[in-house]
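# Provided below for reference: sequence and predicted model.
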Amino acid sequence: MSHNTNDIAVVGFAHAPHVRETYGTTNGVEMLIPCFHTLYDKLGIGVSDIDFWCSGSSDYLAGRAFSFISAIDSIGAVPPINESHVEMDAAWALYEAYVKLRSGQVDTALVYGFGKPSAGTLRQVLTLQTDPYLVGPLWPDAVSMAGLQARAGLDAGRWTERDMAAVNAADDAEIDKRLAAPFVADPLREHDIAPITDGAAAIVLASGDRARELCERPAWLTGIAHRIDTPMLGARDLSTSPSTAAAAKAATGGNTEFDVAELHAQYSHEQLILKQAIGLGEKTRINPSGGALSGNPMFSAGLERIGYAATEIINGTADRALAHASSGPALQQNLVATLEAK
């Protein structure tokens, strides 16, 4: 076992297709098995080579208790595994696995997330993340809460509807076309809202020499931190994200010059907030993968941001990358990770 617990890297990433609806079960097995085998084949490993497994999902979304236990069928019953789980986006499962590797208990970890929101009413289910005393009983859906945040920024002059329409737009003609579209939830139009997406993703972490054995150009995790804002929507300025700024400062050490940044923005205005909160410059390519606005598999979209950022390094198209994940309404909880080629 490696004794250099500071060198931890992403060595492999795989994800299921981003689709509006799958015909598999809500435990994600059908989506996860191809992801796992892609990683096994790419890295030349098997189940027994993984020291620790950690997953992220939601029993509320799956509509069944302990759905993550059913998902372990995708791993197999033999050999026995060392496993844990978080009830949120799998980016936080990666954080747990990172701590496990940092402690020196394991050399490898496989992190995965899955969700099938097409099986239920996603935007109503997400209301269960809100304060159960004052917000939950009002039953605001996720898009309505995002609309409150977008309106707060517009009224404060922090951005315009054109700024929102310009996110991920190809040219001015596309921006004008978007602005002519009808509102879904004023001030949000269809292009402002991430699609409901079924999906799953998996990442392999390894430390020290083991990472170098598995990958020619590992994406080394040089910083990772997560922070939280109050769940009370009326008790914070929705047009800013202090928790993102704090997590970014802790993870980056103040150096925000990156070749690429993958931001978990589920609404167009969130990308504007996140870019400002992190302090990203114009030279940074933001969401070359398309981001969550092109495919938003719940409870693995944040993990995918880390995976896509790492892939840029592994493929040699970036030397320094940032990844961001979010959970909760109006950017309530935020995680920032930095990755580098060494």
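In hand now; what should we look at?

# Just the pLDDT for the nearest residue to E262 once chain neighbours are set aside.
By the measure of C-beta to C-beta, 6 or more residues apart in numbering, the closest residue to E262 outside its immediate chain neighbours is R305, 3.9 Å from it. Backbone N, C-alpha and C define where each C-beta goes, glycine included. In the predicted model, R305 carries a pLDDT score of 98.

# Please apply the same query to G253.
The predicted structure scores G253 at 94 on the pLDDT scale.

# Can you give me the neighbour number for it?
G253 has 11 neighbours, counted by other C-beta atoms under 10 Å.

# and it, how far is that from D259?
Taking C-beta to C-beta, to the nearest Å as the criterion, G253 is separated from D259 by 17 Å.

# rewinding a little: now do the same for the residue nearest to E262: helix, strand or coil?
The three-state assignment at R305 reads helix, by DSSP: H, G, I helix; E, B strand; the rest coil.

# what number of residues lie near it?
Using other C-beta under 10 Å, R305 has 30 other residues around it.

# Helices of the protein, start to end?
Read by DSSP state H, the chain holds these helices, from start to end of the chain: 29-43, 59-62, 67-71, 90-102, 122-125, 142-155, 161-166, 172-179, 208-214, 242-252, 268-278, 301-314.

# Using CSV, list the CA coordinates for the last one.
In CSV, the C-alpha atoms belonging to helix 301-314 read as follows (Å, rounded to 0.1, in the frame of the first residue of the first chain):
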residue,chain,number,x,y,z
ALA,A,301,-24.3,15.1,-13.1
GLY,A,302,-21.9,16.6,-10.5
LEU,A,303,-19.7,13.5,-10.6
GLU,A,304,-19.6,13.8,-14.4
ARG,A,305,-18.3,17.4,-14.1
ILE,A,306,-15.2,15.9,-12.3
GLY,A,307,-15.0,13.1,-14.8
TYR,A,308,-15.1,15.4,-17.8
ALA,A,309,-12.6,17.8,-16.3
ALA,A,310,-10.3,14.8,-15.5
THR,A,311,-10.7,13.5,-19.1
GLU,A,312,-9.4,16.8,-20.5
ILE,A,313,-6.2,16.2,-18.5
ILE,A,314,-5.9,12.5,-19.2
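
# Mind giving me the packing neighbours of it?
Secondary structure elements in contact with helix 301-314, counted by 3 or more C-beta pairs under 8 Å, 6 or more residues apart in numbering; DSSP states H and E, are strand 8-15, helix 90-102, strand 108-115, strand 199-207, strand 219-228, strand 260-262, strand 320-327, strand 333-340.

# try it again with 7 Å
The helices and strands touching helix 301-314, judged by 3 or more C-beta pairs under 7 Å, 6 or more residues apart in numbering; DSSP states H and E, are strand 8-15, helix 90-102, strand 199-207, strand 219-228, strand 260-262, strand 320-327, strand 333-340.

# As TSV, the ones you listed with mean pLDDT would be great.
What follows is these, written out as TSV (pLDDT from 0 to 100):
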stretch	mean pLDDT
strand 8-15	98
helix 90-102	98
strand 199-207	97
strand 219-228	97
strand 260-262	98
strand 320-327	97
strand 333-340	98
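
# Give me whichever of those is most buried.
strand 199-207 (a mean of 29; mean count of other C-beta atoms under 10 Å).
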